[in-house]
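Visitor: what follows is a protein structure lacking sequence information:
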């Protein structure tokens, strides 16, 4: 018997402990990410046979489950199979095909060992994560990143000095202003829709002291002009959830990207900057930083 429940802020410690044990590589598997996008995913959860099971029944795409996650971080083949069976029964009761979404490449073999020939696998190019070495985002070495260095140098020539200011309870609402100005400039507002990136970001701002986040502003001529928010994904990787700024200020994006790494993530190996969602401009931007690796994700459909 399953008992799927909506995700609330009360699950923070439970999920954080599970993910700390599991050491995820995909950007979705942090409590902050799941909480900020819980409306878009229409997310529910249950623990079945010591596995955390997450189900999405969004109004925007087909229902799916995340691959079950061992609560203690240790794989147990028997309990894994029992959790999969429970998910299949849960989907069947609603006359739905069981689909696993955002499955990292490393877990495909686990699903194939259970379902054998009963699955169809589709590569999700748009959902795959871009991952960079922290040291490269700090030093921006070589010809491939020369343009990034040039953008920062132009910023410094035009504006001289600037301030790097951590986000806290006293200044966090500046994130709202920057985001709203960004939306106005880019004609990109989905107000009141659960799929709206701005509304998802505000979930982080509203719960700033309750979530394990780090964030920072770039302040130019006395004004906050860009902000970024991220957190530790695993022991060697941070993930960046949000990055927004005034694009009229040349170089502000590579500057905040670099300085966030210098000030907050210098001791880690990698930065996961999430997926490109199939948006051409976003893909071009993420590729321009010369990713060191990609976390490939897949959709796995279980056939009857």
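Guide: All right, it came through fine. For clarity, every value in this text was computed on a predicted model and none was experimentally measured. Residues are numbered from 1 along each chain as shown.
Visitor: when you work out contacts or count neighbours from here on, use the C-alpha atoms and nothing else.
Guide: Will do.
Visitor: so who does residue 300 touch?
Guide: Contact analysis of residue 300 by Cα atoms under 8 Å, 6 or more residues apart in numbering lists 99-101, 103, 119-122.
Visitor: what's the following helix or strand after the helix or strand hosting residue 218?
Guide: Following DSSP states H and E, one finds residue 218 within strand 214-220. Counting by DSSP H and E, the next helix or strand C-terminal to strand 214-220 is strand 223-234.
Visitor: all helices of this structure, in order?
Guide: For the chain, applying DSSP state H gives helices covering 12-22, 31-36, 38-41, 77-93, 108-115, 134-139, 146-159, 174-186, 197-206, 252-264, 280-288.
Visitor: quick one: closest of the ones you listed to residue 235.
Guide: With Cα to Cα, the closest approach to residue 235 among these belongs to helix 12-22: 8.2 Å.
Visitor: so how far is that closest one off the chain centroid?
Guide: The chain centre lies 16 Å from the centre of helix 12-22; the measure is Cα atoms, centre = their mean, to the nearest Å.
Visitor: what does that helix contact?
Guide: With contacts defined as Cα under 8 Å, 6+ apart, helix 12-22 is touched by 29-31, 69-74, 211, 234.
Visitor: next: stretch 289-296.
Guide: By Cα under 8 Å, 6+ apart, the surrounding residues in contact with stretch 289-296 are 25-26, 104-105, 123-125, 127-133, 137, 144-145, 148.
Visitor: if we can go back for a sec, could I get the contacts of helix 12-22 as CSV with pLDDT and distance to residue 167?
Guide: Below are those laid out as CSV (pLDDT from 0 to 100; distance: Cα to Cα, whole Å):
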residue, pLDDT, distance to residue 167
29, 98, 23
30, 98, 20
31, 98, 19
69, 98, 32
70, 98, 33
71, 98, 32
72, 98, 32
73, 97, 32
74, 97, 35
211, 98, 13
234, 98, 22
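Visitor: buried subset of those?
Guide: The neighbour count (16 or more other Cα atoms under 10 Å) marks 29-31, 69-73, 211, 234 as buried among the contacts of helix 12-22.
Visitor: which among the residues you listed gets closest to residue 225?
Guide: Using Cα to Cα, residue 211 is the member of the buried ones among the contacts of helix 12-22 that lies nearest residue 225, at 23.5 Å.
Visitor: which residues touch the closest one?
Guide: 12, 32, 204.
Visitor: residue 80: which of those residues is nearest?
Guide: residue 12 (23.3 Å).
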